[in-house]
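Asks: Sequence first, then the predicted structure, then my questions.
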Number of protein chains: 2
Amino acid sequence: MKLGLDIMGGDFAPKTTVGGAVRALKVLPKEFTLVLFGDRDKIVPLLNEHGVSVDNFEIIHTTEVIEMADAPLKAVSQKPNSSIGLGFKYLKDKKIDAFASNGNTGAMMVGALYSVKAIEGVLRPCLITQVPMETGKTGILLDVGSNADCRPEMLCQFALLGQVYTQYICNTPDPKVGLLNIGEEEEKGNIVAQATHQLLKNHEGINFMGNIEARDLFDGQADVIVCEGFVGNVVLKEAEAFYKLIKRRKINDPYFDRFNYEIYGGSPILGVNSNVLVGHGISNEEATKKPDTPC
Amino acid sequence: MKLGLDIMGGDFAPKTTVGGAVRALKVLPKEFTLVLFGDRDKIVPLLNEHGVSVDNFEIIHTTEVIEMADAPLKAVSQKPNSSIGLGFKYLKDKKIDAFASNGNTGAMMVGALYSVKAIEGVLRPCLITQVPMETGKTGILLDVGSNADCRPEMLCQFALLGQVYTQYICNTPDPKVGLLNIGEEEEKGNIVAQATHQLLKNHEGINFMGNIEARDLFDGQADVIVCEGFVGNVVLKEAEAFYKLIKRRKINDPYFDRFNYEIYGGSPILGVNSNVLVGHGISNEEATKKPDTPC
C-alpha cells in the first residue's frame, strides 16, 4: 500500500513534513511505502540530516508550490506540478492509496473534488474536527470550514457521513447525532438549523438526539455534532483561542492538552472516493507522522 | 428617575431578583426609585425576610408570568398582565425610565419592539455580550442571538450601534470594529460575511479593522466584534462551556473568572427608543443589582 505525503504544505514545511515521514517510516509495517511529493532538492538534504536513506521512500519531484494563502481553485488549476496537484493526480490514477497534506485546506478540497470526486449522491464532501469530551471520549464536529454556506440537505448528509465515520473508525457502535443550535427546542435557530432539525428528526437512518447548544459541546452528549462550515470553523477556532489562553496562563491540565491541535493527526475529507487527509497547518512532526487521529 | 425591574423573570426569580432590588436600594442615590413588577404576594414576604420596608419601592402587581420557555411573540401578546408586559407598558407611557429583566430574552426583544419601538432607521435592534480581553479591556460582541439570520445591512448597523455604545458607555475614544469571520482575507467567509465585509470597508463612519478570526477573539485586537446572532450565540455559549470546564477542573485564574456570566449585569438592547436591559437567566443577586456591566 502506498501512502502519499505532501512535503511542501504546512507552516513549517518541508522540515516538519520530512521529519514526520522519517518518524512514520520507523513505525509503518513493511508493506507500506511512503511516497513523498515535493522538491527533491529540499527533501534529500533533510533526509541526510536525519541519517535516513532516500531509498526508503519514493520521491515525486515537484516544481511548484501551493501556498497557504493561495486561492484554492486557481491554485489547483494553475499549479499542476505542485505537490497537491501531483498528489491528487497519483491518487486518481491509483498510483497511491491515500494522500495527506498539512497545506492549503481549500486546495485539498478542490483537488479531491476534481480528481477522485465526491461519492455518487454526496452533495458536498466535508471536513471534521475532533472534539475532546470531558468524559474521555472524542466526538466529531462537522463541517468545520469547507462549506461556509450550507443547505439543510447538505447538513443532513454530514450527519450521515459523520455517523458512519464514528461507527467504523471510532468504533462507537451507536453514535448519537446532535445539531448545533442556539436553543434546545426544535423551532429554535436560524432558517437552516430549523429546516435541518426536521430533516434529521424524520430520517430513519440517523440516530438524532436533537439540538445541542455550544455550552454542552464538551459534555459528551453527542458523538457527532453537525453545523454549517462557517459556524464549525468559528467553534474550532474559539477552542484554539481558549487553548492559547490556557497555555499563556501556564495552566497545566491533561484534559485541556487534548485541545492542542499541533499534536493531532490529519482529519479525513468525508464523502470522496479515496483516502484524503488534511492536517493542521501548524502540525508538528509527530502530528504529521499520524495517519489519522484516534477517536 | 424610575427604574423598572422584572421580579418574575430569571431562573432563580423571585428570590434573586428581590435580593438584587434590596442590594440596589442600598447603593442607589435618593433621586432613583425602584419599581418592581411582579406578584405582590411573593415580593412582600421576601422583602420582609430582608428586613426592608415595602415603602422603599413602588410595586406594580402582576398576575401572569412569562416563562423562560414561552414563545416570545405569543407570550407578549397573550400575557399583557405579566411583569414583562406591564413593564413595557410603563416604559412606553414614560412612567419608568428604564426596564430590566433576567427573564425570557426573546420576550424582552419583542416587548421592546412593540412598545418603545426601534429607533427610526434601525432595521433590527440587537443584543450584545461582553468579551473579556486578556489585555484587561472588555470588548463587545453583537448580535448574540436576537437575530439568528442577518442581512449584511443589519450587520453593518450592528457595527455602528456597537461603535457608539463602546464610545459613549465604555469610554473607548476610537473603538475598532472587527467582522467575525473564518479567514483574514476579505473574500473569506459565507455569503453574508463576504458582503458585510464590503459594506463595512466602504462605510466612512465605521472604524473597520477587517476580519477577525475566533482564535484571536480575546486578544483585544477589536473592541466591537460583529456577527450574525446565530454565530454570536454559539460563541457566547462556547465561552460558557469553557468557563464551566475550568470551574469543574478547579482551576483558579482571575482572567477566566471574567467569563462567569452569573456575576455580569444586564446587557442593553441596542437600537430601541429607551433603556432596556436583559440579564442572564442565571444572574445572581449581585448581577441583578448592577444597572449594566462596565466595559
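Replies: Right, received. Where do you want to start? Numbering: from 1, shown residues only, chains lettered A, B, ... in the order given.
Asks: Can you give me the buried ones in stretch A:85-104?
Replies: Going by neighbour count (16 or more other Cβ atoms under 10 Å in any protein chain shown), the buried part of stretch A:85-104 is A:85-92, A:96-104. Quick note: C-beta positions are derived from backbone N, CA and C, even for glycine.
Asks: What of stretch A:51-67?
Replies: So for stretch A:51-67, counting by 16+ other Cβ under 10 Å, buried means A:52, A:57-60, A:62, A:64-66.
Asks: what's the closest of the residues you listed to chain B?
Replies: Of all these, chain B sits closest to A:I66, with 15.4 Å by Cβ to the nearest Cβ.
Asks: so the closest one makes contact with A:S83?
Replies: Yes - using Cβ atoms under 8 Å, A:I66 is in contact with A:S83, at 7.4 Å.
Asks: Tell me where the stretch 51-200 of chain A has strands.
Replies: For the stretch 51-200 of chain A, the strands defined by DSSP state E, counting those that start in this stretch cover A:57-61, A:98-101, A:126-132, A:138-142, A:177-180.
Asks: restrict the buried residues of stretch A:85-104 to contacts with chain B.
Replies: By Cβ under 8 Å from any Cβ of the partner chain, no member of these lies near chain B.
Asks: Among those, which ones are in helices?
Replies: Judged by DSSP state H, helices contain the following of the buried residues of stretch A:85-104: A:85-92.
Asks: Quick check: chain neighbours aside, which residue is closest to A:K15?
Replies: Once flanking residues are discounted, A:K15 sits nearest to A:L46: 6.6 Å by Cβ to Cβ, 6 or more residues apart in numbering or on different chains.
Asks: Shouldn't that neighbour be within a strand?
Replies: No - looking at A:L46 with DSSP: H, G, I helix; E, B strand; the rest coil, it is helix, so not inside a strand.
Asks: And it, what's its pLDDT?
Replies: On the pLDDT scale, A:L46 is placed at 98.
Asks: how long is stretch A:257-275 end to end?
Replies: Using Cα to Cα, to the nearest Å, the end-to-end distance of stretch A:257-275 comes out at 28 Å.
Asks: residue furthest from the geometric center of chain A?
Replies: In terms of distance from the mean C-alpha position of chain A, A:E187 ranks first, at 31.4 Å (Cα atoms, centre = their mean).
Asks: contacting residues around that one?
Replies: A:E187 sits next to A:194, B:71 when contact means Cβ atoms under 8 Å, 6 or more residues apart in numbering or on different chains.
Asks: show me where chain A has helices.
Replies: For chain A, the helices defined by DSSP H occupy A:15-27, A:40-50, A:72-78, A:83-92, A:105-114, A:152-168, A:191-201, A:229-248, A:254-257, A:285-289.
Asks: Include mean pLDDT when you put the strands of the stretch 51-200 of chain A into TSV, please.
Replies: As requested, these are exported to TSV (pLDDT from 0 to 100):
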stretch	mean pLDDT
strand A:57-61	98
strand A:98-101	96
strand A:126-132	94
strand A:138-142	95
strand A:177-180	98
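Asks: do you know which of the ones you listed lies nearest B:T135?
Replies: Nearest to B:T135 among the strands of the stretch 51-200 of chain A is strand A:126-132 (27.8 Å), distances taken as Cβ to Cβ.
Asks: could you check the angle strand A:138-142 makes with that closest one?
Replies: Going by axes from the mean of the first three to the mean of the last three Cα atoms, to 10 degrees, strand A:126-132 is angled at 150 degrees with respect to strand A:138-142.
Asks: Just the angle for strand A:126-132 relative to helix A:105-114, thanks.
Replies: 130 degrees.
Asks: From the chain's centroid, how far away is strand A:126-132?
Replies: 7 Å (Cα atoms, centre = their mean, to the nearest Å).
Asks: again with stretch A:172-185
Replies: 21 Å.
Asks: Over to stretch A:32-44?
Replies: Using Cα atoms, centre = their mean, the offset of stretch A:32-44 from its chain centre is 22 Å.
Asks: how many other residues sit next to the residue nearest to A:K15?
Replies: Neighbour count of A:L46, defined by other Cβ atoms under 10 Å in any protein chain shown: 18.
Asks: Surely it touches A:P14?
Replies: Yes - with contact defined as Cβ under 8 Å, A:L46 reaches A:P14; the gap is 6.3 Å.
Asks: quick one on the thing from earlier: let me have the ones in helices among the buried residues of stretch A:85-104 in TSV, adding pLDDT as columns.
Replies: Formatted as TSV, those follow (pLDDT from 0 to 100):
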residue	pLDDT
A:G85	97
A:L86	98
A:G87	98
A:F88	98
A:K89	98
A:Y90	98
A:L91	98
A:K92	98
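Asks: Using TSV, lay out the strands of the stretch 51-200 of chain A together with distance to B:L127.
Replies: Shown next, in TSV, are the strands of the stretch 51-200 of chain A (distance: least, Cβ to Cβ, whole Å):
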stretch	distance to B:L127
strand A:57-61	54
strand A:98-101	41
strand A:126-132	27
strand A:138-142	25
strand A:177-180	19
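Asks: Minimum distance to A:L277: which of those has it?
Replies: strand A:98-101 (4.0 Å).
Asks: check contacts around A:P132.
Replies: With Cβ under 8 Å, 6+ apart, A:P132 has these contacts: A:138, A:218, A:255, A:258-259.
Asks: Considering only those, which also neighbour chain B?
Replies: Among the contacts of A:P132, proximity to chain B is found for A:218, A:255 (Cβ under 8 Å from any Cβ).
Asks: which one among the contacts of A:P132 gets closest to B:V116?
Replies: The nearest one, if we look at these relative to B:V116 and count by Cβ to Cβ, is A:F218, at 39.5 Å.
Asks: Go ahead and confirm the closest one touches B:R248.
Replies: No - using Cβ under 8 Å as the test, A:F218 is too far from B:R248 to be in contact (10.0 Å).
Asks: quick one on the thing from earlier: drop anything exposed from the contacts of A:P132.
Replies: Using 16+ other Cβ under 10 Å, the buried ones in the contacts of A:P132 are A:138, A:218, A:258-259.
Asks: And the pLDDT at the nearest residue to A:Q221 once chain neighbours are set aside?
Replies: Using Cβ to Cβ, 6+ apart and skipping residues adjacent in sequence, the residue nearest A:Q221 is A:I212, 6.0 Å away. Here, the pLDDT recorded for A:I212 equals 98.
Asks: In contact with A:I212, which residues?
Replies: A:178-181, A:221-222, A:225.
Asks: Identify the farthest-apart pair in those.
Replies: Applying Cβ to Cβ across these, the maximum distance is between A:N181 and A:Q221, 12.8 Å.
Asks: These two: which is more packed in?
Replies: Using other Cβ under 10 Å, the more surrounded residue of A:N181 and A:Q221 is A:N181, with 27 against 17.
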